[in-house]
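> Sequence and predicted structure, then a few things I'm wondering about:
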Amino acid sequence: MAEKENIQLPEASNFIEQIINEELAAGKFQSVGNKIHVRFPPEPNGYLHIGHVKALLINFGVKEKYHGEINLRMDDTNPAKESYEYVDAIVKSLEWLGLKYDRLVFASDYYDKLYEIAEKYIMDGNAYVCDLSAEEITATRGTLTEPGTPSPYRERSVEENLKLFREMKAGVYPDGAKVLRAKIDMSSPNINMRDPVIYRIAHVPHYRQGDKWCIYPMYDFAHPISDAIEGITHSLCSLEFENHRPLYDWVIEKAGFPAPVPRQIEFARLNITNTLMSKRYLKKLVDEGVVRGWDDPRMPTLAGLKNRGVPPEALKKFVTDVGVAKAYAVVNAAQLDSCVRDYLNENAGRAMAVVDPLKLTITNYQGEEELSFEINPLKPESGTRNIKFTGTVYIGRDDFALVPPPKYKRLTVGGTVRLKGAYIVRCDEAVQDENGNVTELKCTYFPESRSGSDLPCAVKAKGVIQWVDAKYGVDAEFRQYEQLLKDEQYPDQDYAERLNYDSEHIFEGKAEPCLAEAEEDKPFQLLRTGYYKKCTQGGRLILSEIVSLKDSFNK
RNA sequence: UGGGGCGUCGCCAAGCGGUAAGGCAACGGACUCUGACUCCGUCAUUCGGGUGUUCAAAUCACUUCGCCCCAGCCA
């Protein structure tokens, strides 16, 4: 007898790793060299969204921790919904997140093997061809409290079943005429065990297999076997598959795979407040043209988040912080925002911009000069940028108040404020139009207050505001939003209600025109998105966020 | 109503019989040429409720209440 190897077990950081540690300690995987093997199995029927990041990180986390392997498997067993567009999008999303899998595999590559196992089931008396219609199967399945009734075709002979199944494969029957069912227990309290369908007829070409097949395996059959074929040790999935676990185990057992056999472990999926996390609805938004595509910045897809300017590192931090458990949970979107801000604060360069510009003219200033700003104050090594200053600038309308609220730190008539990186100015007059709207501010500046100068300066300013030079600033463009702005194509609440969810989060905010400081004669983009809003505190923009958004659009 | 799960601070979440980590949010205060950041401080005598076992329970047992999932030829 071989001695049990002494394996170094890493500290478990969640209940899944705890289970793996126990199994490892019990020697369950000795025959496979204690190699842990997991997989991430999306169906290529849509883009990955933020919810998938949880499954992704749990699986990749296990792979890393145990120095195991991970397959990216396209769970493509329903040809009606799948395509290469989605395969590509999924692969790209993983790249964006920086997750490297060991191999890309397709469930559709196992169709032959799957078929072979199905025939074995028939020969072993574990499956039969059923002629009942879909409605009849539903009707005879029983209810939650009543057992189902056996199909009249349940006791067909092995020979007949085999003949019929081969005819199904050969295309003798139309869609829906027959199915292959697992022969388990029609009175099981677990409805999934009441002779589930494992193969259906569908005369639909497959995006990879073409017309080769007209019968396709169901998830409950294909998934466990795919896992077993690949030597997966742990099949991690979300809670809604808990009821399928007995079937998962049954399918593998009857297929006769040798131990160690894959084990399914479920965890709670990720939910975020006001965020739609269903591929089905997201696809609907795309199909109906409510959004401009799966990568629309308002979408919670990874492609959309990327376009919104969310750094992948922030996403990973967020999902890791949220943890892994089995309790149903809805995480506050504020927690994601916090991760984004946190990362951006640390890494993003800074620039000034104003939304809703208000002209500020310094009446005693002449000429122009260049001022220097740090690109990222937190990272001195990132260098500086130079901004021209001509004495006529635009400031944000929010940074001036005719009637200042209590504790207001910005500009008021007669008050002073510092133009960030430049001078302190005093507002002498607020020019108003016939309606009383402020159209321009006439100010006086104090030369000795120049930023960084050692001159003694008597004037003090309680606030610091951003500005954009009137001559050198540029109109920021909204590359992503310009069309939306033009068409006023905003999904409305009615639409959201029809879809039965709250759209506030993905649709909040519209793009607004703004002015931005010029940078290498390339205007930068400013988006009025969720993050923009979240990054507004007390009416002030946090510049780092804006610049990062810009970067993400300069593809 | 059958079966399967889950209930620890406003939102997540550690805890695994020895006397409630952490993050987000919130609230005070310091600092600040980003009202940001940073920094300091506050924030569960209590773990859905009840009853037991024990010297000792969020952790064990029993019971009760609440929520989620399952009746696709979707995954």
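Alright, I've got the coordinates. Keep in mind that what you see is a predicted model, and the values were worked out from it rather than measured.
> helices and strands around the helix or strand harbouring A:Lys388, which ones?
Assigned by DSSP states H and E, A:Lys388 belongs to strand A:384-389. Other elements packing on strand A:384-389 under the criterion 3 or more Cβ pairs under 8 Å, 6 or more residues apart in numbering; DSSP states H and E are strand A:369-374, strand A:468-469. The way it works is simple: take the backbone N, C-alpha and C, and place the C-beta from them, glycine included.
> which one of those lies closest to A:Ile20?
strand A:369-374 (47.0 Å; Cβ to Cβ).
> ok, is the closest one in contact with RNA strand B or not?
No - using Cβ under 7 Å from any atom of the strand, strand A:369-374 stays clear of RNA strand B, coming no nearer than 8.2 Å.
> Residue in chain A with the shortest distance to RNA strand B?
In chain A, the residue that lies nearest RNA strand B is A:Ser451 (2.8 Å; Cβ to the nearest atom of the strand).
> if I look at that residue, how far off is A:Gln466?
Shown here: A:Ser451 relative to A:Gln466, a distance of 13 Å by Cβ to Cβ, to the nearest Å.
> What of A:Pro205?
Where A:Gln466 is concerned, A:Pro205 sits at a distance of 57 Å (Cβ to Cβ).
> right, and A:Asn192 touches A:Leu247 too?
Yes - between A:Asn192 and A:Leu247 a contact is recorded at 4.9 Å, counting by Cβ atoms under 8 Å.
> show me what contacts the closest residue to A:Phe106 other than its chain neighbours?
Closest residue in space to A:Phe106, ignoring its immediate chain neighbours: A:Met74 at 4.7 Å, by Cβ to Cβ, 6 or more residues apart in numbering. Listed by Cβ atoms under 8 Å, 6 or more residues apart in numbering, the contact partners of A:Met74 are A:41-44, A:82, A:87, A:90, A:104-108.
> ok so, going back, now what about the strand holding A:Lys388, what contacts it?
A:349, A:351-352, A:368-375, A:421-422, A:469, A:471-472, A:517-519.
> redo that, cut-off 6 Å
With contacts defined as Cβ atoms under 6 Å, 6 or more residues apart in numbering, strand A:384-389 is touched by A:368-375, A:422, A:469, A:472, A:517.
> Residue numbers of the stretch 101-250 of chain A in contact with RNA strand B?
So far as Cβ under 7 Å from any atom of the strand goes, the stretch 101-250 of chain A lies against RNA strand B at A:132-134, A:137-138, A:141, A:143-145, A:175-176, A:179, A:189-192, A:196-197, A:200-202, A:216, A:218-220, A:222-223, A:239-244.
> dump the residue contacts of the closest residue to A:Val417 other than its chain neighbours.
Once flanking residues are discounted, A:Val417 sits nearest to A:Leu411: 4.3 Å by Cβ to Cβ, 6+ apart. Contact analysis of A:Leu411 by Cβ under 6 Å, 6+ apart lists A:399-400, A:417, A:427.
> So which of the residues you listed are in strands?
A:417, A:427 (DSSP state E).
> Reformat the contacts of A:Leu411 as TSV; add distance to A:Ala25.
Below are the contacts of A:Leu411 laid out as TSV (distance: Cβ to Cβ, whole Å):
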residue	distance to A:Ala25
A:Asp399	63
A:Phe400	67
A:Val417	66
A:Cys427	73
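> And the pLDDT for the closest residue to A:Lys65 other than its chain neighbours?
Leaving out its chain neighbours, the residue that sits closest to A:Lys65 by Cβ to Cβ, 6+ apart is A:Pro10, at 5.1 Å. Looking at A:Pro10, its pLDDT is 93.
> what's the answer for A:Leu527, then?
Looking at A:Leu527, its pLDDT is 31.
> does A:Val204 really touch A:Pro79, like I thought?
Yes - counting by Cβ atoms under 6 Å, A:Val204 does reach A:Pro79; the two are 4.7 Å apart.
> So between those two, which is more surrounded?
Between A:Val204 and A:Pro79, counted using other Cβ atoms under 10 Å, the more crowded position is A:Pro79 (20 against 15).
> Can you spell out which helices and strands pack onto the host helix or strand of A:Pro224?
Take DSSP H and E as the rule and A:Pro224 turns out to sit in helix A:219-230. On a contact count with 3 or more Cβ pairs under 6 Å, 6 or more residues apart in numbering; DSSP states H and E, helix A:219-230 meets helix A:245-255.
> mind running it again at 7 Å?
helix A:111-123, helix A:245-255 (3 or more Cβ pairs under 7 Å, 6 or more residues apart in numbering; DSSP states H and E).
> tell me the angle the shortest one makes with helix A:219-230.
What separates the directions of helix A:245-255 and helix A:219-230 is an angle of 60 degrees, with axes from the mean of the first three to the mean of the last three Cα atoms, to 10 degrees.
> which residues are contacting helix A:245-255?
With contacts defined as Cβ atoms under 7 Å, 6 or more residues apart in numbering, helix A:245-255 is touched by A:117, A:121, A:124, A:126, A:184, A:190, A:192-193, A:196, A:220-221, A:224-225, A:228, A:261-262, A:264.
> ok, of the residues you listed, which come out buried?
Using 16 or more other Cβ atoms under 10 Å as the burial test, the contacts of helix A:245-255 include A:117, A:121, A:126, A:184, A:192-193, A:196, A:220-221, A:224-225, A:228, A:261-262, A:264 as buried.
> Tell me who's in contact with A:Asp220.
Going by Cβ under 7 Å, 6+ apart, A:Asp220 touches A:196, A:198, A:244, A:247, A:251.
> before we move on, the earlier item: the residue nearest to A:Phe106 and A:Trp213: what is the separation?
16 Å.
> Turn the helices and strands packed on strand A:384-389 into TSV, including mean pLDDT.
Compiled in TSV, these are given as follows (pLDDT from 0 to 100):
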stretch	mean pLDDT
strand A:369-374	89
strand A:468-469	86
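> winner for burial among those?
Of the helices and strands packed on strand A:384-389, the one with the most neighbours on average (mean count of other Cβ atoms under 10 Å) is strand A:468-469, at a mean of 24.
> which element is A:Gly51 on?
Using DSSP H and E, A:Gly51 maps to helix A:50-65.
> next helix or strand past that helix?
strand A:69-74.
> how far off strand A:69-74 does the helix holding A:Pro224 point, in degrees?
Orientation check (the same axes, to 10 degrees): helix A:219-230 against strand A:69-74 gives 140 degrees.
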